[in-house]
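Asks: Build me a model:
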Amino acid sequence: MTAPIFKVLSGPLPTQKGLSNAITAGLAPALSAGSKAADLFPHDEEGLLQILHFRNQIAKNASRRARWFGGRLFNRFSGEDGTYIPLSGTHLRQTLDVAGIDSPSFVVASGQYLLRLDISERAAAALKQSRNLPAPSV
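Replies: Numbers count the residues shown, from 1 in each chain. Purely as a prediction, here's the structure:
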């Protein structure tokens, strides 16, 4: 059975909000507002490529860590996944468009989604090709 192309996230858990507020001395909502605002606006090709490259690398590192118990524990606490990358609705729509996949109508700009890594890598490769950049070394 093939894994879904993307998953819809339900939002942060109350314990995650409490932890982030404790770490940032209560400034998490203010700092988070800037991040949420940046996620609502679409990026140009270069910006989207940077986002995808960064998140793809995080997922690949999580996949490598998942080979041993300590790495799986780290991934669980950090929320990193080796098979999916987190994207906002705006960036998900852009990425699916670049990958040649029609985005469903229920994907909203303010939503949070997880996109399968292979689809993200395909979109990043297409962006690199359109910008005449060298292929990534594996």
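Asks: now stretch 54-74: how far from the chain's centre is it?
Replies: 14 Å (C-alpha atoms, centre = their mean, to the nearest Å).
Asks: Check stretch 116-133 too.
Replies: 14 Å.
Asks: For it, list every residue counted as buried.
Replies: Arg116, Leu117, Ile119, Ser120, Glu121, Arg122, Ala123, Ala124, Ala125, Ala126, Leu127, Lys128 (16 or more other C-beta atoms under 10 Å). Any C-beta I mention is one placed from the backbone N, CA and C, and that applies to glycine too.
Asks: What about the residues you listed, which are in strands?
Replies: With DSSP state E as the criterion, strands contain Arg116 from among the buried residues of stretch 116-133.
Asks: As JSON lines, the buried residues of stretch 116-133 with pLDDT and distance to Gly89 would be great.
Replies: As requested, those are arranged in JSON lines below (pLDDT from 0 to 100; distance: C-beta to C-beta, whole Å):
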{"residue": "Arg116", "pLDDT": "96", "distance to Gly89": "16"}
{"residue": "Leu117", "pLDDT": "96", "distance to Gly89": "18"}
{"residue": "Ile119", "pLDDT": "96", "distance to Gly89": "15"}
{"residue": "Ser120", "pLDDT": "96", "distance to Gly89": "15"}
{"residue": "Glu121", "pLDDT": "96", "distance to Gly89": "20"}
{"residue": "Arg122", "pLDDT": "96", "distance to Gly89": "19"}
{"residue": "Ala123", "pLDDT": "96", "distance to Gly89": "15"}
{"residue": "Ala124", "pLDDT": "96", "distance to Gly89": "19"}
{"residue": "Ala125", "pLDDT": "95", "distance to Gly89": "23"}
{"residue": "Ala126", "pLDDT": "95", "distance to Gly89": "20"}
{"residue": "Leu127", "pLDDT": "94", "distance to Gly89": "19"}
{"residue": "Lys128", "pLDDT": "93", "distance to Gly89": "24"}
